[in-house]
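>>> any chance you can model this:
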Amino acid sequence: MATKTLRVEQIGSPIRREGDQRATLIGLKLNKLHRVATLEDTPSVRGMIRKVHHLVRVLDDAA
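Next up is the predicted model:
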């Protein structure tokens, strides 16, 4: 059984944001605008996305 993945794009700048939000973007393999990362769909990744939901966009569920 293949693991589910999520494609996430950064749409907001981390400038003038809290340090933990910047660190969360780096943890999601995002640190520049319009960069797209394919991540495993786990509860921890979902929590990270929720923390910076105003800076990222989930593009689709790539299976």
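
>>> where does the chain dip in pLDDT?
Filtered on pLDDT under 70, the chain yields the residue ranges 1, 61-63.

>>> what ranges do the strands span in it?
For the chain, strands defined by DSSP state E occupy the ranges 5-10, 36-40, 56-62.

>>> among the ones you listed, which is the most enclosed?
Compared across those, strand 5-10 shows the largest average neighbour count, a mean of 18 (mean count of other C-beta atoms under 10 Å). Bear in mind the C-beta positions are built from the backbone N, C-alpha and C, glycine included.

>>> that one pairs with which strands, parallel or anti?
The strands beside strand 5-10 in its sheet (DSSP bridges) come out as strand 36-40 (antiparallel), strand 56-62 (antiparallel).

>>> turn those into a markdown table, columns for distance to residue 18.
Output for the strands paired with strand 5-10, formatted as a markdown table (distance: least, C-beta to C-beta, whole Å):
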| stretch | distance to residue 18 |
| --- | --- |
| strand 36-40 | 21 |
| strand 56-62 | 15 |
